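A.B. asks: Pasted the sequence and its predicted model underneath.
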Amino acid sequence: MKKFLTTVLGLLCVVCMVARDRGINFRHDLKWDEAIELAKKENKLVFVDFYTQWCGPCFNMAQKVFTLPDVGAFYNSNFINMKIDCEEPGEGVALARKYNVKSYPTYGFVDPSTGELIHLSSSRQEPETFILTGENALNPERRSFVLNRKYEEGDRSPEFLGSLIEYKASIYKHEEVKKIFDELISTGAKLSDPEVWTIFDSYIKGISPYLQTVSDNYADYCSAVGKSAVDAKLARETQYGSPEAIAALCDFDGKEFNLKMIEVNNLVRDKEYDRAAALIDGLIADPQTDRQALIDRLKFIARLSYKADEMPDEWFGKCVGYLRFIAYNNENRDDAYVHQEYADALERMIARKFPDAGLLPTPAAGKTTYTMRPDALKAKPKRK
């Protein structure tokens, strides 16, 4: 009997672990009214993923974020979770209309006692941001409608503005983020304050006047927040842009690499392929080059899915070689696209060198093109 009980308890533990690790439990078994009643009974909000079957970011969230154990543990503990296809006749279309959903994905949090939206978010989000979205829904002071109302009423306290910036950034309202950050600084907040630096580092992009301030006072900021943090911020925000503007900034780790990569992009754009290849080959051969940083930039320069037929043979061959280098050396083993790009490049190379050999006839069955696009992601319908 004791052995039997031990076995049963062990099985229950396994079941609990599986339930915990399965990601968000969307209640496909419930109609909307049933979900509302269950939320009332369990004293929870209803979380709704408003999506369409052709929406790429929706599909990405469903595959990469909703399935994570930590995300599932948080959302399953705090919400009744629903997925609503906004183009499904009947309940889907009706709910999308009721809650005025016009972009996808939209994340709605509904108070079951009133049926009203109390927090709204959207767009593709990283897992930690998506959990923060749910945390904000549980905090009456950080809900989207409250934040927007308090801002309209004139609240400009630093803590509030920081919360508002965080929310606006999560839904990619970049211009609003810049405007509110300006207001935060105007309250007397210092860029070198740890809390303000964190907001600046996370949400203020590009060669802004604030980045220029950091450059002009490089030693002071290195002392305040650390040289590695300052160099990382300067390097991240100068990956693209005017070479003249970047060259005028202070010296920092990553500056010369960024200038070279911008030059490579410009040379490729101008079809000066020999000079571009010489720069790339030099970076590959240099042991001081951050190899992963080079790969992350090079995979977009070397891709053959864009105007490959217009490339001269020598540059085409160099790109195939670069894609091979990327596929062999990429540290992100979850990035399947680099291997698809390389395999696609090899097919293109064979077809280009042996056009009459009949080596690559169109497949007689199945897909006729090599693509990472999943079958479950539908094509966006044409609007009348």
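C.D. replies: Happy to help now that I have it. Residues are numbered from 1 along each chain as shown.
A.B. asks: Please state the offset of stretch 341-355 from the chain centre?
C.D. replies: Distance of stretch 341-355 from the chain centroid (CA atoms, centre = their mean, to the nearest Å) equals 31 Å.
A.B. asks: give me the number of residues near Lys150?
C.D. replies: 16 (other CB atoms under 10 Å). (Each C-beta comes from the backbone N, C-alpha and C, glycine too.)
A.B. asks: Sorry, slip of the keys, the one I care about is Glu166.
C.D. replies: Counted with other CB under 10 Å, Glu166 comes out at 19.
A.B. asks: The closest residue to Phe145 other than its chain neighbours sits in which helix or strand?
C.D. replies: Closest residue in space to Phe145, ignoring its immediate chain neighbours: Ile118 at 6.7 Å, by CB to CB, 6 or more residues apart in numbering. Using DSSP states H and E, Ile118 maps to strand 116-122.
A.B. asks: who are the neighbours of the helix or strand just after that strand, in terms of helices and strands?
C.D. replies: Downstream of strand 116-122, the first helix or strand assigned by DSSP H and E is helix 127-138. Secondary-structure packing of helix 127-138 (3 or more CB pairs under 8 Å, 6 or more residues apart in numbering; DSSP states H and E): strand 45-51, helix 69-78, strand 106-111, strand 116-122, helix 158-170.
A.B. asks: Tabulate these (TSV), appending distance to Glu237 and mean pLDDT.
C.D. replies: Formatted as TSV, the helices and strands packed on helix 127-138 follow (distance: least, CB to CB, whole Å; pLDDT from 0 to 100):
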stretch	distance to Glu237	mean pLDDT
strand 45-51	32	98
helix 69-78	29	98
strand 106-111	29	98
strand 116-122	25	96
helix 158-170	15	95
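A.B. asks: Check the gap between the closest residue to Gly254 other than its chain neighbours and Lys227 for me.
C.D. replies: Nearest residue to Gly254, sequence neighbours excluded (CB to CB, 6+ apart): Ala235, at 3.1 Å. For Ala235, the distance to Lys227 equals 12 Å [CB to CB, to the nearest Å].
A.B. asks: out of those two, which sits in the busier spot?
C.D. replies: Ala235 (17 against 14).
A.B. asks: Where does pLDDT dip in the stretch 101-250 of the chain?
C.D. replies: Judged by pLDDT under 70, the stretch 101-250 of the chain has no weakly predicted residues.
A.B. asks: can you give me the helices in the stretch 151-300 of the chain?
C.D. replies: Applying DSSP state H, counting those that start in this stretch to the stretch 151-300 of the chain gives helices spanning 158-170, 174-186, 194-203, 209-216, 218-225, 227-237, 243-247, 255-269, 273-285, 291-301.
A.B. asks: most packed of those?
C.D. replies: When these are scored by mean count of other CB atoms under 10 Å, the highest mean neighbour count falls to helix 158-170 (a mean of 20).
A.B. asks: Low-confidence ranges, the stretch 251-384 of the chain, go.
C.D. replies: For the stretch 251-384 of the chain, applying pLDDT under 70 flags the ranges 357-360, 372, 383-384.
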